[in-house]
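*Asks:* I would like to see how this sequence folds:
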Amino acid sequence: MILTVSNSANAYLQFMTVLILFVFVLAITYWTTKWIAGYQKGKRANANLEVVETFQLASSKYIQIIRVGQKYLAVAIGKDSVTMLTEVPEDQLTFSSSANNEQMSFKELFEKMQKKTILEKEEDRNKSE
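*Replies:* Numbering: from 1, shown residues only. Predicted structure coming up:
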């Protein structure tokens, strides 16, 4: 009987040790990811390069408009190559209000998608009635 109590206490202690180590590793992973993301974001904030718009032609072929300094360039991007197509005058570009360096948080994007889904379901119900 004493041996049974000892084994169950030992198993409980092992479980708690593994659980604490797991939480510790998760915390380290979380903080490391946050630190790397902040470092990369800070590194890109002062850059002179910006992807303005991307259009997918095929699964691995894109046309992008990029800003390099004060110039805007159209480039073709393939699987193994990047080719400059032309320089695009700024007055020929149309900038949408949502693309002006405003990035939605995940929560805002999720709420927007929820609202859209609810509206679509209501429209479907109205059509079926």
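
*Asks:* what residue is smack in the middle of the chain?
*Replies:* residue 106 (8.6 Å; Cα atoms, centre = their mean).

*Asks:* then the longest strand along the chain to PDB, C-alphas only?
*Replies:* Ranked by number of residues, the top strand in the chain under DSSP state E is strand 49-58. Extracted in PDB, the C-alpha atoms of strand 49-58 (Å, rounded to 0.1, in the frame of the first residue of the first chain):
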ATOM      1  CA  LEU A  49      11.400  50.000 -50.400                       C
ATOM      2  CA  GLU A  50       7.700  49.400 -50.300                       C
ATOM      3  CA  VAL A  51       5.400  47.000 -52.100                       C
ATOM      4  CA  VAL A  52       2.500  49.100 -53.100                       C
ATOM      5  CA  GLU A  53       0.400  46.500 -54.900                       C
ATOM      6  CA  THR A  54       0.600  42.900 -56.100                       C
ATOM      7  CA  PHE A  55      -1.400  41.200 -58.800                       C
ATOM      8  CA  GLN A  56      -1.200  37.400 -59.300                       C
ATOM      9  CA  LEU A  57      -1.100  36.300 -62.900                       C
ATOM     10  CA  ALA A  58      -0.500  32.600 -62.300                       C
END
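
*Asks:* the helix or strand hosting residue 10 to strand 49-58, inter-axis angle?
*Replies:* Using DSSP states H and E, residue 10 falls within helix 2-45. Put simply, helix 2-45 runs at 100 degrees to strand 49-58, going by axes from the mean of the first three to the mean of the last three Cα atoms, to 10 degrees.
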